[in-house]
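Undergrad: Mind folding the following:
(one chain, ligands or ions: 2)
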Amino acid sequence: MSAEKLFVEPGARLNARAWTKGLAPSRRLALVSEAGAWRRFGPGVEKALMRAGFRVHRHLLPSGEAAKTWDSVSDLLATMLSAGLGRDSALVALGGGAVTDAAGFAAAIFQRGIPWVSVPTTLLGQLDSGLGGKTGINLAGGKNLAGCFHRPRAVVCDPEVLASLPPRERISGFGEALKYGLVFEPAIWASITGNWDALMAGDPVLTGKVVERCAAWKRRVVDSDERETKGPRELLNFGHTLGHALESAAGLGVLRHGEAVIWGMRAALRLSHRCSGLKASFAAEADRFLATLPVPLPRRIEPRRLLELARRDKKARGGRARFVLLRAPGRPVTAFVSDREILRAVREIL
Ligand SMILES: NC(=O)c1ccc[n+]([C@@H]2O[C@H](COP(=O)([O-])OP(=O)(O)OC[C@H]3O[C@@H](n4cnc5c(N)ncnc54)[C@H](O)[C@@H]3O)[C@@H](O)[C@H]2O)c1
Ligand SMILES: [Zn+2]
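TA: Ligands and ions are numbered 1, 2, ... in the order given. As a prediction, the model looks like this:
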């Protein structure tokens, strides 16, 4: 699969002619969204697509994680089939990570795969979940357990759509962005921590710059390891071993994804100092910033439960928990970590 084209600029969502170039010979497509994103941006994008010469078949998924089920994907596939869409058609997904995951999955399996474009409307979506081609749904046994790798042709990141994001969604997105700063490019960390108030107030220029840097890193890493078999893609998992564990232990939807990653990074910074040589002064300074963020921590989380979940993480080998850690800012490694160290770090952050 080839890398997605990135379109990052104010108003990009309305410039459909640019991001649909060569997309669907039949000039027909499914425009898939959910109520929250549709109400704000749907009609504008639909009109832009029609002006670009497409016949558009609209379909709304349920909001949030409810989009990521067999039933809702099955309804979407039925809409596409009854609209007469085929291999020569395409799909455009407009919404947060839940929409792009579920709709991208439908694009991956409809008639064995049709092209799609991702138009992420959340910050998390623009810098992370809307690109890279991991698509899928949740199963009763856990999140994201069924899916396909199917990269979008283009990803359209329009900073204008982020103006309406509630603060929690914004913090969740910057939580993920801070990860890119720690793992790949310390300048991203500096530009977020140094401009926090302006970013939280929605400054579109500064936000667009952060989105551009993080999305470029994600694309580069995915290009070198599309199916997460060679190593580099694993590095995107910094803060995620315990972050995912917390997300599951708290119950689906209680913590936003990036909020859980913020807690996971606080633990991973401690582990990086103790197990992979990260300087104590940097670990403490980074932790001090993360600790100031208003991120709720669900009560009554049992440290041993988090340990158990960490040992079942996809990076674990033979029941031993493996973490992405830092040797220094911008210098990640993967390492096995003992149960004792994990419990110690977890107890310190809970
Ligand atoms: N595929 C990947 O690589 C990947 C990576 C990380 C996370 N994810 C997935 O992403 C999902 C979370 O995505 P999310 O955080 O974007 O949440 P989401 O898609 O659930 O959307 C959150 C809420 O924001 C609202 N919303 C969307 N755009 C808005 C806007 N511009 N203004 C105001 N409200 C808006 C929606 O209506 C919804 O209620 C999870 O299912 C997670 O598993 C996927
Ligand atoms: Zn993440």
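Undergrad: if I look at whichever residue of the stretch 151-300 of the chain sits closest to ligand 1, how far off is Thr100?
TA: Ligand 1 sits closest to Ser164 of the stretch 151-300 of the chain, with a gap of 3.7 Å, by C-beta to the nearest ligand atom. The way it works is simple: take the backbone N, C-alpha and C, and place the C-beta from them, glycine included. Going from Ser164 to Thr100 by C-beta to C-beta, to the nearest Å gives 18 Å.
Undergrad: Show me where this structure has its helices.
TA: Assigned helices in the chain, in chain order: 16-19, 35-51, 70-82, 97-109, 123-124, 167-183, 186-194, 196-200, 204-224, 240-250, 257-276, 280-292, 303-311, 339-349 (criterion: DSSP state H).
Undergrad: Would you check that the residue of the stretch 151-300 of the chain closest to ligand 1 makes contact with Ala37?
TA: No. Contact criterion C-beta atoms under 8 Å: Ser164 and Ala37 do not qualify, at 9.8 Å.
Undergrad: Look at these two and report which has more neighbours.
TA: A count of neighbours by other C-beta atoms under 10 Å puts Ala37 above the other of Ser164 and Ala37, at 27 against 14.
Undergrad: Mind splitting this protein into its structural domains?
TA: Per automatic domain parsing, the structural domains of the chain span 5-164, 167-349.
Undergrad: check whether the longest one contacts ligand 1.
TA: Yes. Using C-beta under 6 Å from any ligand atom, a contact is recorded between domain 167-349 and ligand 1, made by Glu169, Ser172, Arg256, His257.
Undergrad: And for the closest residue to the residue of the stretch 151-300 of the chain closest to ligand 1 other than its chain neighbours, the neighbour number?
TA: Distances taken as C-beta to C-beta, 6 or more residues apart in numbering put Arg40 closest to Ser164, at 5.9 Å, once the chain neighbours are dropped. Counted by other C-beta under 10 Å, the residues lying close to Arg40 total 15.
Undergrad: Give me the pLDDT for Arg40.
TA: Note on Arg40: pLDDT of 98.
Undergrad: With Met1 instead?
TA: For Met1, pLDDT reads 67.
Undergrad: Let me have the helices of the chain in TSV, adding distance to Arg317 as columns.
TA: TSV is the format used below for the helices of the chain (distance: least, C-beta to C-beta, whole Å):
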stretch	distance to Arg317
helix 16-19	40
helix 35-51	39
helix 70-82	30
helix 97-109	26
helix 123-124	29
helix 167-183	21
helix 186-194	29
helix 196-200	37
helix 204-224	21
helix 240-250	13
helix 257-276	16
helix 280-292	25
helix 303-311	10
helix 339-349	14
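Undergrad: What's the separation between Leu49 and Leu165?
TA: Applying C-beta to C-beta to Leu49 and Leu165 gives a distance of 23 Å.
Undergrad: More neighbours: these two, which one.
TA: Shown here are Leu49 and Leu165; by other C-beta under 10 Å, Leu49 has more neighbours (23 against 19).
Undergrad: The more buried one is in contact with Val56, isn't it?
TA: Yes. Using C-beta under 8 Å, Leu49 makes contact with Val56 at a distance of 5.1 Å.
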